[in-house]
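K.L.:
With the input below, show me the fold.
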Amino acid sequence: MLRIIDARTGEPALAAPVRRGLTRVQAHASGYGAASLRVLLVADLLVRALELGGTPAWLQLTGDRDQAELRAGATALGMHPFEDGRDLAAGVGEAQILHVVGEGGRSPDDGVRIFVAPVEGCPATVDARRAVPDADPAVLRLALLSAPRAEPLRLDATALAEARDTLARWRRAVADWARQPSRPVPEELRARLRAAWDDDLDVPAVLNVLRSVGDAGPGLAAGARFETYAYADRLLGLELTRDLGAPA
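P.N.:
Predicted structure coming up:
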């Protein structure tokens with residue numbers, strides 16, 4: 001079950017309600033830029049993790065500036081659609097509220113407060129209005145996922161190049177593995193992935209699991225590697241299976 005650190009108390013809190021009901025995830029962001037997109041991305045990941053665990057979630061965006069641009073950027077980066085956060089009416093059966101805020105951000109006093117650190121070193125090549133530093137927006141998404149959310153993220157040309165190379169390598173590998181008979185995700189790997197994202201949404205740990213799978217020896221079948229990457233991508237949203245069927 002997903003546990004998340006509450007920035008108000010420093011203690012872990014259940015992201016999913018104990019009793020049956022949905023979780024409302026509110027992203028609090030004003031002004032368009034990489035830091036605000038990082039806040040929205042954490043909210044999107046929370047919804048994905050909750051839904052993977054069987055908890056319905058309601059995703060909202062609040063703020064007083066650049067809301068249309070933020071929504072367009074979220075769409076470009078493959079995020080779930082954000083509803084208008086000004087509609088604060090409780091959902092049917094709602095039992096938990098998660099507020100995702102960046103540096104200097106404000107949120108209501110109810111629910112759990114989730115802090116997202118700022119983005120530093122954003123190069124001129126990242127057009128904040130388009131949210132796409134490359135022909136493939138998933139490059140920026142992966143770069144934004146590369147550090148723990150509570151730590152400042154340096155987004156420079158080196159970080160973007162590394163994300164671009166990693167994404168291309170993983171997609172080629174997934175396409176190659178898909179040519180072999182499918183195998184189920186090994187339970188040990190499934191448990192490691194779930195433990196990582198259930199532990200304060202530790203996305204860098206999820207990425208490390210994928211690196212270990214990619215580097216594994218011949219004892220791990222290609223079909224099992226494929227299914228493991230596809231399973232993890234339900235959280236990551238990187239379109240790792242995009243190149244299936246492409247020429248070898």
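K.L.:
Please count neighbours and contacts with C-alpha atoms only from this point.
P.N.:
Noted.
K.L.:
quick one, helices of the protein?
P.N.:
For the chain, the helices defined by DSSP state H cover 34-52, 67-76, 138-145, 157-177, 187-198, 203-215, 222-236.
K.L.:
Compute the inter-axis angle for the shortest one and helix 34-52.
P.N.:
Looking back up the chat, that one is helix 138-145. Here the directions of helix 138-145 and helix 34-52 differ by 90 degrees (axes from the mean of the first three to the mean of the last three CA atoms, to 10 degrees).
K.L.:
for this structure, where's the lowest mean pLDDT among helices and strands?
P.N.:
Least confident helix or strand of the chain, by mean pLDDT, DSSP states H and E, is strand 83-84 with a mean of 89.
K.L.:
what residue lies at the spatial centre of the chain?
P.N.:
L45 (3.6 Å; CA atoms, centre = their mean).
K.L.:
Tell me how many other residues crowd L2.
P.N.:
For L2, the count of nearby residues is 20 (other CA atoms under 10 Å).
K.L.:
domain parsing for this structure?
P.N.:
3-137+148-154, 161-236 (automatic domain parsing).
K.L.:
Confidence-wise, which of those domains is weakest overall?
P.N.:
Here these differ in mean pLDDT, and the lowest is domain 3-137+148-154 at a mean of 85.
K.L.:
Straight-line length of it, end to end?
P.N.:
Taking CA to CA, to the nearest Å, domain 3-137+148-154 runs 26 Å from one end to the other.
K.L.:
before we move on, back to that, for the least confident helix or strand of the chain, packing partners?
P.N.:
Judged by 3 or more CA pairs under 8 Å, 6 or more residues apart in numbering; DSSP states H and E, strand 83-84 is in contact with strand 57-62.
K.L.:
could I get the strand it packs on in PDB with only the CA atoms?
P.N.:
Output of strand 57-62 as PDB, limited to C-alpha atoms (Å, rounded to 0.1, in the frame of the first residue of the first chain):
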ATOM      1  CA  ALA A  57      -8.200   8.800  -7.800                       C
ATOM      2  CA  TRP A  58      -9.500  12.300  -8.800                       C
ATOM      3  CA  LEU A  59      -6.800  14.500 -10.300                       C
ATOM      4  CA  GLN A  60      -7.100  18.300 -10.000                       C
ATOM      5  CA  LEU A  61      -5.100  21.400 -10.900                       C
ATOM      6  CA  THR A  62      -5.300  24.700  -8.900                       C
END
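K.L.:
Now find how far off-centre that strand is within its chain.
P.N.:
Its chain's C-alpha centre and that of strand 57-62 lie 15 Å apart, by CA atoms, centre = their mean, to the nearest Å.
K.L.:
Direction included, what does that strand pair against?
P.N.:
When pairing is defined by DSSP bridges, strand 57-62 lines up against strand 23-28 (parallel), strand 83-84 (parallel).
K.L.:
Other residues contacting it?
P.N.:
By CA atoms under 8 Å, 6 or more residues apart in numbering, the residues outside strand 57-62 that reach it are 22-30, 43-44, 47, 50-51, 80-86, 91.
K.L.:
can you rerun that using 6 Å?
P.N.:
With contacts defined as CA atoms under 6 Å, 6 or more residues apart in numbering, strand 57-62 is touched by L22, T23, R24, V25, Q26, A27, H28, V47, F82, E83, D84, G85.
K.L.:
quick one: contacts for the fourth one?
P.N.:
Read that as V25. W58, L59, L98.
K.L.:
Filter those down to the buried ones.
P.N.:
W58, L59, L98 (16 or more other CA atoms under 10 Å).
K.L.:
Same list, the contacts of V25, but as CSV with distance to M1 please.
P.N.:
Output for the contacts of V25, formatted as CSV (distance: CA to CA, whole Å):
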residue, distance to M1
W58, 18
L59, 19
L98, 15
